[in-house]
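[1] take a look and give me a structure for this.
(4 chains)
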Protein chains: 2
Amino acid sequence: MLEMTERKKKILKAIINEYVMTAEPVGSRTLARRYDFGVSSATIRNETADLEAMGYLKKPHKSAGRIPSDKGYRFYVDTLMELKEISKQKQQAIEENYRARAKEIQEIIDQTSDMLSELTKYTSLVLSPKTQNSYFHKLKLFALEECQVLLVLITDLGLIQNKVITLPQRLSSSELQEIARHLNEKLHGLTLSEIDEELLSSLENELINRLNFLEGKLDLLKPNYFVTSYGTDKIYLGGTTNILDQPEFNNDIHKVKTVLNILEEEEFLRNILDTIPYEHTGIKITIGEENDFEEIKDCSIVTATYQLNGRPIGKIGVLGPTRMNYPNVVSIVELVTKVLNDLLADMNK
Amino acid sequence: MLEMTERKKKILKAIINEYVMTAEPVGSRTLARRYDFGVSSATIRNETADLEAMGYLKKPHKSAGRIPSDKGYRFYVDTLMELKEISKQKQQAIEENYRARAKEIQEIIDQTSDMLSELTKYTSLVLSPKTQNSYFHKLKLFALEECQVLLVLITDLGLIQNKVITLPQRLSSSELQEIARHLNEKLHGLTLSEIDEELLSSLENELINRLNFLEGKLDLLKPNYFVTSYGTDKIYLGGTTNILDQPEFNNDIHKVKTVLNILEEEEFLRNILDTIPYEHTGIKITIGEENDFEEIKDCSIVTATYQLNGRPIGKIGVLGPTRMNYPNVVSIVELVTKVLNDLLADMNK
DNA sequence: ATTAGCACTCGGGGTTGATGAGTGCTAATA
DNA sequence: TATTAGCACTCATCAACCCCGAGTGCTAAT
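    Sure thing, here's the model as predicted:
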């Protein structure tokens, strides 16, 4: 069995470095010339032959240089990679710019996806805050017209829902206030996902006792009303055309089309992000065929979860070619997650 | 001076037909073979030479067939083209599908852009309803917290604005109602763009007289409050990747990138649509270099204005290669505009 | 006015051969 | 025993080249 020596590691790292920069298979001579390993190209040839046998490298065809395999990238990412420190100045510049432009939650998400794609030069994905995980703060009901009521729901994410609902019967202003007061009392401090069927039906019963309602007629108290009607969480995309800069797509319009079409399908993007559990904190990297979707098996994804009040509420990610500048992307995703968390916390004070 | 004979028209039309379908320069022989003009290819050669001299055709290079010039397309569109009648069934199918999926104004716009790009196979642009042109129906103010007020504005486009505003001083519920009542009385039936500085400041004065406000402290009454704070009208895009199907983009990643990047710039799209005045009703076609933007001088745009209550409130458009299937696109844009108008009118009843 | 015929043009596609980067193996070397 | 030099062999790429087909424009005949 072949062993992973220090020299092999150095060579593997160098090969990945080169390949990430040039997108060309890297041969032994170039390597010997450009890096100073203190050995000749012949030795490197022997080493790379070993690395290939071990599955860390592969050849696109006979008599070409080597390129990293998924396993090679995985090893690199897990053990070899050194994160790129982003300078304090740059960090601050980013943070300030971010804060300056993003005031409301919508803008924050927008900004995040723009920033991610701009900084990484890849495509960014941002899943907007999952309202189910936010805390119920206050519900207000206002009479508008005959049977028309404006419902306003405020959670720790801010004003997340206001819509006009139609009641089955006319209610007086004081009746409305009674309903709201009651709901507020019982629901305050829960997350929206904790407001389940059982709880709602018990609330409905209590209300029916106090006011004379027709049972089952108050849609507001139907299961999932608090959850589903907030509109499903949206996915924001940034820098989709950045993939056109990748040399692997040159002269392959078909490949470009496949990927761009995929990116237009929200359902697909959601699936990608859904493969990372919300519980997972920190960065998660998915390399090439490690992801479950045939269409992007030449891509890697770097994702992270962002939080509010200690609860994960959304995800961000960067999608690029397997041949990705991992240290750079990981540093940026980490930084952006941190800033995003701070921003959300501040907004919520 | 050369004259435009009937035969020349027939030939020009045939050339445009062919070129639209094949994207290849069309030569005299192919033409003679495929269409039955009752003359030989030599005659056609003479005619096409004339048409070229008149500026309706051009040659991509010596010894290739002819392709239509912008002027040729213009003539075709203005005089030669016969609109494609869309079958009643298909029309109905489209309309039903449309109505089924689009309930709220947002969804309608979304649907429109999807439908346009799906039906035409080109890229669609939809400018959302211009809130400035909608009618003020009703304003409501609800006290939320200390100094926090929820403002709800309803126009003929529906609920177009509800946001939390912060007042400079605490107001009682009855005072709020007084303000709302007063505004409603004075503003009802106006369009938002008619609510100008003068009107607002006179309102403010009246209110200051009745209640004891600090002058200039009520942001609500600042000029443009009703107009600018509704968020600028958004542009919706559909089928951006459809342009990748156009053979003229094959093997020209760079061209693709230019166009896709352009399409990502909302400002640019807005400019494109802004070149059509709102007053213009019916279809407007802009061919190739007729449009003012270098970046899309190989494209044509077919646009139309949609209306509510007899007022133009938004625009839709289709962007494709100059070599566009005009009859088809124009028919579709006409149909979609009509259905959209009906839909909006229905919603407003 | 129309057509047939012919010389000429040009782009696209296929072939070929040189080039260069690379590998793998073997034998010599430290 | 690990390293290196040297050599034969393999491919991909690219430019040069040629040929073919489709097309035009002109002229002379109908």
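[2] off-centre distance for the helix ranked longest in chain A?
    Ranked by residue count, the top helix of chain A under DSSP state H comes out as helix A:326-347. Centre-to-centre, helix A:326-347 and its host chain are 11 Å apart (CA atoms, centre = their mean, to the nearest Å).
[3] can you check stretch A:103-113 too?
    For stretch A:103-113 - counting by CA atoms, centre = their mean - the centre lies 14 Å from the chain centre.
[4] and if you look at stretch A:333-348?
    13 Å.
[5] so does it get close to chain B?
    No - using CB under 8 Å from any CB of the partner chain, stretch A:333-348 never reaches chain B; the gap is at least 13.6 Å. Every C-beta, even on glycine, is put in place using the N, C-alpha and C of the backbone.
[6] CA atoms of that stretch as CSV?
    Extracted C-alpha coordinates of stretch A:333-348, given in CSV (Å, rounded to 0.1, in the frame of the first residue of the first chain):
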residue,chain,number,x,y,z
VAL,A,333,-18.2,32.7,2.7
GLU,A,334,-17.0,32.6,6.3
LEU,A,335,-16.6,36.4,6.4
VAL,A,336,-19.9,37.1,4.8
THR,A,337,-21.7,34.7,7.1
LYS,A,338,-20.2,36.5,10.1
VAL,A,339,-21.1,39.9,8.8
LEU,A,340,-24.6,38.8,7.9
ASN,A,341,-25.2,37.3,11.4
ASP,A,342,-24.0,40.6,13.0
LEU,A,343,-26.2,42.6,10.7
LEU,A,344,-29.3,40.6,11.5
ALA,A,345,-28.6,40.7,15.2
ASP,A,346,-28.2,44.5,15.1
MET,A,347,-31.4,44.9,13.2
ASN,A,348,-33.1,42.9,15.8
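[7] and for it, what are the contacting residues?
    Applying CB atoms under 8 Å, 6 or more residues apart in numbering or on different chains, the external contacts of stretch A:333-348 come out as A:83, A:86, A:91, A:94-95, A:98-99, A:102, A:105, A:108, A:112, A:115-116, A:119-120, A:129, A:156-158, A:283, A:302-309, A:313, A:316-318.
[8] what is the least confident helix or strand in chain A?
    The helix or strand of chain A with the poorest confidence is helix A:225-228; it has a mean of 52 (mean pLDDT, DSSP states H and E).
[9] ok, residue A:137 - contacts?
    With contact set as CB under 8 Å, 6+ apart, residue A:137 has these partners: A:154-156, A:188.
[10] change it to 6 Å
    For residue A:137, the contacting residues are A:154-155, by CB atoms under 6 Å, 6 or more residues apart in numbering or on different chains.
[11] what secondary structure does it sit in?
    Three-state call for residue A:137 (DSSP: H, G, I helix; E, B strand; the rest coil): strand.
[12] report the buried members of the contacts of stretch A:333-348.
    A:94-95, A:98, A:102, A:105, A:108, A:112, A:115-116, A:119-120, A:129, A:156-157, A:283, A:302-308, A:313, A:316-318 (16 or more other CB atoms under 10 Å in any protein chain shown).
[13] mark which of these are part of strands, please.
    Judged by DSSP state E, those include A:302-308, A:313, A:316-318 as members of strands.
[14] number of nearby residues for the residue of the stretch 1-150 of chain A found nearest DNA strand D?
    For the stretch 1-150 of chain A and DNA strand D, the shortest gap (CB to the nearest atom of the strand) falls at residue A:63, measuring 2.8 Å. Residue A:63 sits with 7 neighbouring residues when counted by other CB atoms under 10 Å in any protein chain shown.
[15] which phi and psi does it have?
    Main-chain torsions, residue A:63, degrees, to the nearest 10: phi 60, psi 30.
[16] give the contact list for it.
    Counted by CB under 6 Å, 6+ apart, residue A:63 has zero contacts.
[17] mind checking if stretch A:262-280 is in reach of chain B?
    No - legend: contact between stretch A:262-280 and chain B by CB under 6 Å from any CB of the partner chain is lacking; minimum distance shown is 6.5 Å.
[18] give me the contacts around that stretch.
    With CB under 6 Å, 6+ apart, stretch A:262-280 has contacts from A:125, A:127, A:235, A:240, A:284, A:295, A:303, A:312, A:315.
[19] quick one: end-to-end distance for it.
    25 Å (CA to CA, to the nearest Å).
[20] what of stretch A:282-301?
    Note: stretch A:282-301 ends 14 Å apart using CA to CA.
[21] average pLDDT for it?
    Stretch A:282-301 shows a mean pLDDT of 91.
[22] state the distance from residue A:296 to DNA strand D.
    Computed as CB to the nearest atom of the strand, to the nearest Å, the residue A:296 to DNA strand D distance reads 23 Å.
[23] does any part of stretch A:116-129 sit near chain B?
    No - using CB under 6 Å from any CB, stretch A:116-129 never reaches chain B; the gap is at least 10.5 Å.
[24] show residues contacting that stretch.
    A:109, A:112-113, A:157, A:233-236, A:238-240, A:242-243, A:269, A:273, A:313-320, A:329, A:332, A:336.
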